[in-house]
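[1] Predicted structure and sequence below. I'll ask about it afterward.
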Amino acid sequence: MTIYVVLGAIISAALVLGAVIWSHLQQRAAIERLDERIAHLYAGVSLLTDATEGALRDTATEIGRLAAVADGASPRAGAVGRRRIAGAARRGQTVRDIAAREEMSEGEVRLHLQLDKAGKERVRHAALR
């Protein structure tokens, strides 16, 4: 009879141990999923921070440029400016570097590059006619 009691206690202990191990494995898996989600959240916040800092820097640069124009400084634009911007781009300068040198926003530099490209295509099409 005591063997049955001991055997029952061993089986009960094995069942409890199995349940504890299964619960531990489930909790580890849940913690790993949570770690992955936190890593994705951190990457998203970092990307958002970088984009916000860049936008604020560009906005401050543009405000400074507009303030200089309002104070009487002449903006560097027009056909001469467009050719200067296109030449700098052909020489391999980045849009950011060109914008800083020309004291304009990066969007304006891209616009001048697109206008220069459209003008060249227009000249090519006119020559083919």
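    Nice, thanks for sending it over. Numbering: from 1, shown residues only.
[2] The chain: helices as residue ranges?
    Using DSSP state H, the helices of the chain run over 2-70, 78-90, 95-102, 106-128.
[3] got a list of what G119 touches?
    Going by CB atoms under 8 Å, 6 or more residues apart in numbering, G119 touches no other residue. All C-beta atoms are positioned from the backbone trio N, CA, C, and that covers glycine.
[4] Residue numbering should commence at 277 henceforth.
    I'll keep to 277 as the first residue from here, and by that count the last item is G395.
[5] that older thread, just the helices of the chain: most buried one?
    helix 371-378 (a mean of 17; mean count of other CB atoms under 10 Å).
[6] How about residues contacting it?
    For helix 371-378, using CB under 8 Å, 6+ apart, the contacting residues are 337, 352, 357, 360-361, 364-365, 369, 381-382, 384-386, 389.
[7] Out of those residues, which comes closest to G294?
    Nearest to G294 out of the contacts of helix 371-378 is E382 (CB to CB; 62.7 Å).
[8] Kindly confirm whether my reading is correct that that closest one touches D334.
    Yes: between E382 and D334 a contact is recorded at 6.5 Å, counting by CB atoms under 8 Å.
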